[in-house]
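Peer 1: task: produce atomic coordinates for the following.
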Amino acid sequence: MAQLFFQKALTIIFTLTALGVAGVSHAHDAGATMDPEGNIASFTGYAQVTCFNDGNGPTHRLVASVQDTSLPQANLLVSLQIIKGVNAISTTDPVSGDGAFSPEISVAGGDGAYLLLVNKTGPGPRSFIVSYHCMTIDNAHTGTDIRVNQFQ
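Peer 2: As a prediction, this is how the structure comes out:
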């Protein structure tokens, strides 16, 4: 039990550190390892990204992609979903460990909260990076905050 708590705490600290560094450079990337023990096929990360006008203009959309940084394993991929209101979209990194992100996806939902989910297709640990950006209609970055709600 203590080890599980430590692993979750370490994951949250890593994610928050990555977000803090990302915020300074205007890039929004966060990474962690899902299911380090490799025995929870349904492991899901769930975060809320809030987009707002920070002076660059109102948000038009949230764009995101995911990169599976783990070594390739047959039938084990990482997927990402964005949900806002009645709109949802999904992408999957088709090749683990190749250094490339999945195809970029976006939901045009304006300012406000977007749900961001990351999951995997089966049992086994998966390390990943999610790149996410709130964008104006003119492709300028606008205010972006994230809160991790679930990582289990």
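
Peer 1: centroid-nearest residue for this structure?
Peer 2: Val130 (3.8 Å; CA atoms, centre = their mean).

Peer 1: where does the chain have low pLDDT?
Peer 2: 1-27 (pLDDT under 70).

Peer 1: all helices for it, in order.
Peer 2: For the chain, the helices defined by DSSP state H cover 2-25.

Peer 1: re earlier: got the contact list for the residue nearest to the centre of the chain?
Peer 2: Residues near Val130 by CB atoms under 8 Å, 6 or more residues apart in numbering: Asp29, Ala30, Gly31, Ala64, Ser65, Val66, Gln67, Leu80, Leu116, Val118. Every residue, glycine included, has its C-beta placed from N, CA and C.

Peer 1: was I right about Trp49 contacting Tyr132?
Peer 2: Not quite, residue 49 is Val, not Trp. Yes: assessed by CB atoms under 8 Å, Val49 is found in contact with Tyr132 at 5.8 Å.

Peer 1: okay, the closest residue in space to Glu104 that isn't next to it in sequence and Ile89: tell me how far apart.
Peer 2: Take Glu104 and drop its neighbours on the chain: the residue closest to it by CB to CB, 6 or more residues apart in numbering is Ser65, 4.6 Å away. Note on Ser65: its distance to Ile89, by CB to CB, to the nearest Å, is 11 Å.
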